[in-house]
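S.K.: Need coordinates for the following:
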Amino acid sequence: MNNLLDIDYAVETRALAGSLNTTAVLGLIEWLTGDECHALDEVGLVSGLGRRLRALGVPVDRLTLHLMTLHPEYIGRTIAWAPSEPVEIHDREHGTRLAIANTPLQRVFESREMLVVGPGQSPHGRWQHIDVFAGRALVQLMIAPLCNADGPVSAAIFGTKRPGGFTSSEMQVIERIIPALRNTSELRILRQVELSLLDTYIGPLTASRILAGRIRQGEIESMQAALLLCDLRGFTELSNRLPGETVLGLLNAYFDRVIPAITHEGGEVLKFMGDAVLAFFPGYDATRTCNAALSAARAILEALDGFKYEGIGAKAGIALHHGEVSYGNIGSGRRLDFTLIGGDVNLVSRIQGACSELGEQLLMSEAFYEAVKPEDAVSAGSHRLKGFPDGAELYRVR
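M.R.: Predicted coordinates for the structure are as follows:
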């Protein structure tokens, strides 16, 4: 079997002899820095690079990019290519650096220097157990750091099965393309960081407005939306008697049940107000948006049923309303914030207050009720809400 492998690589090497010339290498560098490559996603980049390297005569049997990033859940992403195989993508959660401890990859991250390693135990550690290399009979890895101007170091790894590994001229080709690969990878990392941080801290709808350039103070638009305000019951008493770490742990566990229920139904969380969450479901179809908000509210209450954190239970009061809101930038100078304002936002806040006063888990306004008319909703009567001169008809679920 090994003899056949030797023959295959010898034939391939002779067939591609002379292709490792300066003109061809410069063509690959131009591709990495050109518009065609710039328009590709990570999958297109790694597969395009792998195919082009083999066309140049570099026997790459495994090409992986290990792109480190800034994300609250993931430390980075691995994109892995091999000839005639689908590209693999592995998002690495925080803590997965343990999986590469005492490996050549970890050494490159720390030293920021290129490293060439063979199989088996070496002074730099083993690498065959890393998921994207396991069981592939790779003979040699060439690991190149991708040192960005700022932020964590990423890496590109070129692996071959050819007995004897890469030749010196093939290694020179890889070394020549690394600066261009670093630059195009950094652009993708920055793009991903930009999107993930905006989505994480302000939500996808607001992020899209910012990326579209709608960032000036006072840029406001009116929209129809279903509003959901969820508040943790008894939080003031809990925060006064519990240690700060316990309170934060409780809040995060509570939000882990509230937020997914909202986003799953297409809602966007606009604000965290201590223990409260204000979310909106935009759209001109009131029935659709209100049904989505009601489904989210039911899912929240179900997720919190029986919930405990370190023996501490959590109950919520949820207010639902539909109306017109003004959405956009407010603030001063270079410190701006996207928010919702308007009488309907004030109303949902007052309805949430009524949840506590009446001991109800869920209350909806008349406008919200009329949009969906849920079968299990009944009138909770007319109530005077602070700041609203007329009584407001509220509905609860049985």
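
S.K.: hey, let's count contacts and neighbours off CA atoms from now on
M.R.: Noted.

S.K.: Who are the packing partners of the helix or strand harbouring Gln172?
M.R.: Using DSSP states H and E, Gln172 sits in helix 168-202. With contacts taken as 3 or more Cα pairs under 8 Å, 6 or more residues apart in numbering; DSSP states H and E, helix 168-202 sits against helix 22-33, strand 62-68, strand 140-146, helix 204-211.

S.K.: Pull the number of nearby residues for Ala80.
M.R.: By other Cα atoms under 10 Å, 25 other residues sit near Ala80.

S.K.: Verify the stated contact: it with Glu88.
M.R.: Yes: Ala80 is in contact with Glu88 according to Cα atoms under 8 Å; the separation is 5.0 Å.

S.K.: and the closest residue to Gln140 other than its chain neighbours, how many neighbours does it have?
M.R.: Spatial nearest neighbour of Gln140, chain neighbours left out: Gly118 (4.4 Å); criterion: Cα to Cα, 6 or more residues apart in numbering. A count of neighbours around Gly118, defined by other Cα under 10 Å, yields 18.

S.K.: thinking again about what came up before, would you mind telling me which of the helices and strands packed on helix 168-202 is nearest Ile262?
M.R.: helix 204-211 (13.1 Å; Cα to Cα).

S.K.: Can you mark which positions in the closest one are buried?
M.R.: Buried residues in helix 204-211, counted by 16 or more other Cα atoms under 10 Å: 204, 206-207.

S.K.: Show the contacting residues for Gly50.
M.R.: 60, 63, 81-83 (Cα atoms under 8 Å, 6 or more residues apart in numbering).

S.K.: make it 7 Å
M.R.: By Cα atoms under 7 Å, 6 or more residues apart in numbering, Gly50 lies in contact with 60, 63.

S.K.: Report the contact partners of Glu366.
M.R.: Glu366 neighbours (Cα under 7 Å, 6+ apart): 393-395.

S.K.: need the helices for the protein, in chain order.
M.R.: Listed in chain order, the helices of the chain (DSSP state H) span 2-15, 22-33, 35-38, 42-55, 104-111, 168-202, 204-211, 235-241, 244-264, 286-304, 343-358, 366-372.

S.K.: Now do the same for the third one: mean pLDDT, whole number.
M.R.: Read it as helix 35-38. Helix 35-38 shows a mean pLDDT of 90 in the predicted model.

S.K.: Please apply the same query to the longest one.
M.R.: Averaged across helix 168-202, pLDDT comes to 83.

S.K.: How about the last one?
M.R.: Summarised as a single mean, pLDDT over helix 366-372 is 94.

S.K.: tally of neighbours for the residue nearest to Arg112 when sequence neighbours are not counted?
M.R.: Computed as Cα to Cα, 6+ apart, the closest residue to Arg112 that is not its neighbour in sequence is Pro145, at 5.6 Å. Neighbours of Pro145 under the rule other Cα under 10 Å: 24.

S.K.: Gly381 too?
M.R.: 11.

S.K.: And for Arg176?
M.R.: 16.

S.K.: Quick check: buried residues in the longest strand along the chain?
M.R.: Across the chain, the strand with the greatest residue count (assigned by DSSP state E) is strand 316-332. Under the neighbour-count criterion of 16+ other Cα under 10 Å, strand 316-332 has 316-330 buried.

S.K.: Pick the one among those residues closest to Val247.
M.R.: Looking across the buried residues of strand 316-332 and measuring by Cα to Cα, the closest to Val247 is Ala316, at 15.6 Å.

S.K.: residue contacts, the closest one?
M.R.: So Ala316 contacts 230-233, 361 (Cα under 7 Å, 6+ apart).

S.K.: swap the cut-off to 10 Å and go again
M.R.: Each residue near Ala316 by Cα atoms under 10 Å, 6 or more residues apart in numbering is listed here: 229-235, 254, 258, 275-276, 300-301, 304-305, 352, 355-356, 360-362.

S.K.: now the longest strand of the chain and helix 343-358, what's the angle there?
M.R.: 150 degrees (axes from the mean of the first three to the mean of the last three Cα atoms, to 10 degrees).

S.K.: ok, strand 316-332: who's next to it in the sheet?
M.R.: Here strand 316-332 is paired, per DSSP bridges, with strand 220-232 (antiparallel), strand 335-341 (antiparallel), strand 362-365 (parallel).

S.K.: The residue nearest to Arg112 pairs with what?
M.R.: Here Pro145, judged by DSSP bridges, has bridge partners Ala155.
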